[in-house]
Each structure stands twice: as C-alpha cells, then as structure tokens.
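K.L.:
Following is a predicted model, sequence given first.
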Amino acid sequence: MTGRSPNPSAPVGVNYWTESFLSMDAVAPQAADPYFGFLLRGTGRAPDLEDLRERIARSLPALPALTHRPSTTEGRLRWTSDEAFDIRRHVRTCPRLDEDLSPAQQLIPATEPERPLWGIWLDPGLHDGRWELYFLTHHAVQDATGVLRTLRILLCEDPADLPGQPPEPGARPSLLHAVRAMAVLAPQVLSSYLPTAGWDPIDQVKGRRRRFAYAQVPTATLRTVADRYGASVTQVHLAAMTSALRALDAQAGSSSTRHRPLHVCLPLDTRQPGRREDAVGNHLGLDRIPLPWDRSSPAQQLRAITRTVGRSKIRRHKRAWEDVVAAGPHSLLGRLHMRVAHPARTRLTISGVNVPDALTCLGAPVTELIPLPWMPPGHACFTLMATYDGRTTLSVLTDEDAIAPEILTARWLQAVDELHAAPLSDSRF
C-alpha cells in the first residue's frame, strides 16, 4: 500500500500562484496557515479506511501532482515524483478535534519538515450517527474549485472511467494580451495608492492559534434576496458581510473607518465555461473591493454593491487575470498581487464557491459540506462560503487575538435575515 508515484513523468503545471503560495511557508506564523479544504459529512454506514485508501490509490494517476513534490532545480521550480510516497501518510483516521479551533492547525504536523501537501482524515463514526471526512491541501497545489474536482475524482467517480493524464494546457496568450489585461486591472491597482480604512477588530495580528466557526442558511433565502434586488448571490453575500463588519466596528467603539471605504479581497475563478481544466493548479485572480462603509442598512449596502461590483466588470477582470497569469512576468505579478491583497491595503478576504452537483464517498451520500479557510501571512481573518445541496455555509477563520469568528458569522446571519425580511419598497433603486 505504500506505492511510488504511479505517473512519474506526468507534467504538472507551475505558474505564479504555485510559487507564491509555496513561498508563504517561510513567513506563515503557523505551518498549517497555507492549507485549506472542506469537511464532508454523511449519515449511515461510514466508508472503510482501507477501502478508501485503495480507491484513492487507484484514482491518483488522473491527478499526478498529488504524488509529486515541488523542488527547485537550477533556479526553476518543478514538480518531481515523490519516491517516498505512501498513501497511509495521506489518508488517515481523524483524531478528536476541538471544534472551536482551526481543523488544519490540529491536523497538519507543525514540526514535520516533509509534511504531506494534502491529506484526508476519516472519522467513521460520531455519536449522532454521522461520519466525517476532512480534505486539506496546500494552496500551492490547487484552488477551491480544483479541490472540489479532486474530491469528485478521488471519491465519486469510477477510477476505470478516469483519464490517465490531465488535460493539456491551452495556448499561452501573447505578451501583448498581458499588457492589455494590465490596462483592464490598472484602475484597482491605482486605487490601492489611495488611503484605505483600518479595521480595529483585526488589525492586531499575533500569529498564534486560529479560531474557527461557521454558520448556515438555506440557499433559497439568498436567492430570494438576489432576485428581489436584481443581484447575484455573491453581491448579497458582500452586502451581508458589509453589515456584519460595520456592526463589529461599532461594537469595538471605532469611528475612524467610517470616513473611508473598507477594502476586501474577492478571489476570482478564471476558468472559462466549457473548457476542461486540470483539477490541480490555481486558476485565480483577485479583485480589491471597496465595501460601502457609508451606507447604514444592508439594503442600502446591497444597492451600492450592485453598482460597484457589477457582474460584467467581474467577467472582464477574470479574463484579464487569466491572461496576466499565463503570460505576464512573475515579478510583475508579484507587484500586482501585493498591491491588491497586501494586508495594509486589503483587510480580509471574502471568498466563495458553488458546488452544483452532489458528492458521494465510495457510494455514501455527502449530506453536508463545510469549507475550511486558510490564512494569508499578515492577515487575521479569512472567510470562505460554499453552497451545497440547498444550504449555504459561511466559514470564518481568525487569529485568536482578533474577533471571535462566531460573532462575525452571527452578524452575517442577522444581516441576511434583515435583507430577506425587508419590505419590497426597500429593494427599489
């Protein structure tokens, strides 16, 4: 069951995000900070650990990066076959966890120099008849959409039906495309030179333990609000977060931020509809979003967000980021990344992913999906939302000396309820 890499010569892509996320290991206060993933829950008979290992081992040829490790040769980053690969190091029984602390910080070994870049932990039987499965991966390996595709390959699809190789990368855009793309992104880069609001509840980063909490709401509630306002679910989420963050700001007694917008980072999935992409890798862009800090109600905030965070603008930025990452010099990308996402200019990340199809684990239905956020260096709060099976889950990870994550999730729920209960007249522009 140890096994070597089943596909040692398989190509594994490297882009700017691969290098950037790997470099965070050297500066992350906690070894687990670059790891994120999902918690899967089901009821009934739990998957067997040995059956799970065998199934995953048979599926690995379709995901060669999971049996490779990054290494630098002659100054160039490559993925090389992990000759010591052992499925037992990657698929394990889950120990008892403290539900108020970061699962990644409890599961990822802090002192192991060659720690696995991904792992699955199975808890086959909880007291209430449920089973749980944690999947965690280093962000250098893949993004959230890639993780969901990986889960489908490893746990849901018949290994006999899987392709033996990931798809070949598409044609690389020209440098001219990258220059044009930079022109599209220039306004948000220039705006990063303007003063931005601080936010007292998370401005003090100590880098100690990470606290974790999540809250859930029926997805239909968000869709009802979105339809009423002519908005997207993402825009409704941003409005609810604005209201929640303002409430926490007022609770902390801070008034300095009221005169300037609070900026957050909104990750963008740059995959093009209909194009087959490798599950491994990061297809990402970042938008720096000014929250309408001067609007007092969630309804007013949502109206403002639908104007400033338009769907056509997001689509343009996705295409621009795709071209810049594919063709732009990494030095330029590094500067762009820091202008958009540096904690001095962007206080926290508001990320989200939609899971349209049901998941299974060796045939057992997954009834609940909980996102598990990561923590960028210098930040003290990261939020990740996921919609699955009619339920939307907001997960919050914070530094233990910052705000309590359960307070932020409670405020978010309160704002969603207020938007849902608002009279129809409040939704008119």
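P.N.:
It's in.

K.L.:
now stretch 35-44, how far from the centre of its chain.
P.N.:
15 Å (CA atoms, centre = their mean, to the nearest Å).

K.L.:
buried sites along it?
P.N.:
35-42 (16 or more other CB atoms under 10 Å). Every residue, glycine included, has its C-beta placed from N, CA and C.

K.L.:
same check, this time on stretch 63-76
P.N.:
63-70.

K.L.:
do the same with stretch 117-127
P.N.:
117-123.

K.L.:
for stretch 414-423, same thing?
P.N.:
415-416, 418-420, 422.

K.L.:
what residues does it touch?
P.N.:
Contact with stretch 414-423 is made by 217, 221-222, 224-225, 236, 239-244, 247, 297-299, 302, as judged by CB atoms under 8 Å, 6 or more residues apart in numbering.

K.L.:
Mind doing that once more with 6 Å?
P.N.:
217, 221, 225, 240, 243-244, 298-299 (CB atoms under 6 Å, 6 or more residues apart in numbering).

K.L.:
Could you do stretch 101-116 as well?
P.N.:
Residues contacting stretch 101-116 (CB under 6 Å, 6+ apart): 30-32, 35, 89-90, 97, 121, 134, 136, 210, 212, 372, 397.

K.L.:
Can I get the buried ones among these as something I can paste into PyMOL?
P.N.:
Here is the PyMOL command that selects the buried residues among these (16+ other CB under 10 Å):
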select buried, resi 30+31+32+35+90+97+121+134+136+210+212+372+397
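
K.L.:
before we move on, the earlier item: from the buried residues of stretch 35-44, which is closest to Leu291?
P.N.:
Of all the buried residues of stretch 35-44, Phe36 has the smallest distance to Leu291: 23.0 Å, by CB to CB.

K.L.:
Shouldn't the closest one be within a strand?
P.N.:
Yes. Counting by DSSP: H, G, I helix; E, B strand; the rest coil, Phe36 is found in a strand.

K.L.:
picking up where we left off before, quick one: which of the contacts of stretch 414-423 sit in helices?
P.N.:
Under the assignment DSSP state H, these contribute 221, 225, 240, 243-244, 298-299 to helices.

K.L.:
Next, format the buried residues of stretch 117-127 as TSV and append distance to His263, pLDDT and secondary structure.
P.N.:
Listed next are the buried residues of stretch 117-127 as TSV, based on distance: CB to CB, whole Å; pLDDT from 0 to 100; DSSP: H, G, I helix; E, B strand; the rest coil:
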residue	distance to His263	pLDDT	secondary structure
Leu117	31	93	coil
Trp118	32	96	strand
Gly119	34	96	strand
Ile120	36	97	strand
Trp121	35	97	strand
Leu122	40	96	strand
Asp123	39	92	strand
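
K.L.:
Tabulate those (TSV), appending distance to Asn354.
P.N.:
Shown next, in TSV, are those (distance: CB to CB, whole Å):
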residue	distance to Asn354
Leu117	25
Trp118	22
Gly119	25
Ile120	23
Trp121	25
Leu122	26
Asp123	26
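
K.L.:
between those residues, which is nearest Val325?
P.N.:
Nearest member of these to Val325, counting by CB to CB, is Leu117, at 20.6 Å.

K.L.:
Identify the residue nearest that closest one in space, chain neighbours excluded?
P.N.:
Computed as CB to CB, 6 or more residues apart in numbering, the closest residue to Leu117 that is not its neighbour in sequence is His138, at 4.3 Å.

K.L.:
surely the one you found meets Gly146?
P.N.:
No. Contact criterion CB atoms under 6 Å: His138 and Gly146 do not qualify, at 11.9 Å.

K.L.:
Can you check what pLDDT the model gives Ala65?
P.N.:
For Ala65, the model assigns a pLDDT of 86.

K.L.:
Distance of it relative to Ala279?
P.N.:
9 Å (CB to CB, to the nearest Å).

K.L.:
Pick out the residue nearest the middle of this protein.
P.N.:
Ala144 (4.9 Å; CA atoms, centre = their mean).

K.L.:
got any ranges where the stretch 51-200 of the chain has weak pLDDT?
P.N.:
Applying pLDDT under 70 to the stretch 51-200 of the chain flags residues 113, 126-127, 160-172, 199-200.

K.L.:
For the stretch 51-200 of the chain, just list every one of the helices.
P.N.:
87-90, 103-107, 144-151, 175-191 (DSSP state H, counting those that start in this stretch).

K.L.:
Please parse this structure into its domains.
P.N.:
What automatic domain parsing lists as the domains of the chain is 16-161, 175-358+374-427.

K.L.:
Among those domains, which comes closest to Glu368?
P.N.:
Once the domains of the chain are compared by CB to CB, domain 16-161 is nearest, at 4.0 Å.

K.L.:
Work out the gap between the closest one and the centre of the chain.
P.N.:
Distance, centroid of domain 16-161 to centroid of chain: 14 Å (CA atoms, centre = their mean).

K.L.:
Same question for stretch 350-365.
P.N.:
The answer for stretch 350-365 is 14 Å, by CA atoms, centre = their mean.

K.L.:
List the buried residues for that stretch?
P.N.:
Those would be 350-353, 355, 359-361, 364, for stretch 350-365 by 16+ other CB under 10 Å.

K.L.:
now, the most widely separated pair of those residues?
P.N.:
Ile350 and Ala364 (32.1 Å).

K.L.:
Now do the closest residue to Leu348 other than its chain neighbours against Ala57, distance only.
P.N.:
Take Leu348 and drop its neighbours on the chain: the residue closest to it by CB to CB, 6+ apart is Cys381, 4.3 Å away. To Ala57, Cys381 is 37 Å away according to CB to CB.

K.L.:
higher neighbour count, these two?
P.N.:
Cys381 (26 against 20; other CB atoms under 10 Å).

K.L.:
where along the stretch 201-350 of the chain do the helices fall?
P.N.:
Under DSSP H, counting those that start in this stretch, the stretch 201-350 of the chain gives helices at 219-229, 233-251, 298-308, 311-327, 330-341.

K.L.:
Export those helices to CSV and append columns for mean pLDDT.
P.N.:
Formatted as CSV, the helices of the stretch 201-350 of the chain follow (pLDDT from 0 to 100):
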stretch, mean pLDDT
helix 219-229, 96
helix 233-251, 90
helix 298-308, 92
helix 311-327, 92
helix 330-341, 92
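
K.L.:
which one of those is the most hemmed in?
P.N.:
Each of the helices of the stretch 201-350 of the chain was scored by mean neighbour count; the highest is helix 233-251, a mean of 23, by mean count of other CB atoms under 10 Å.
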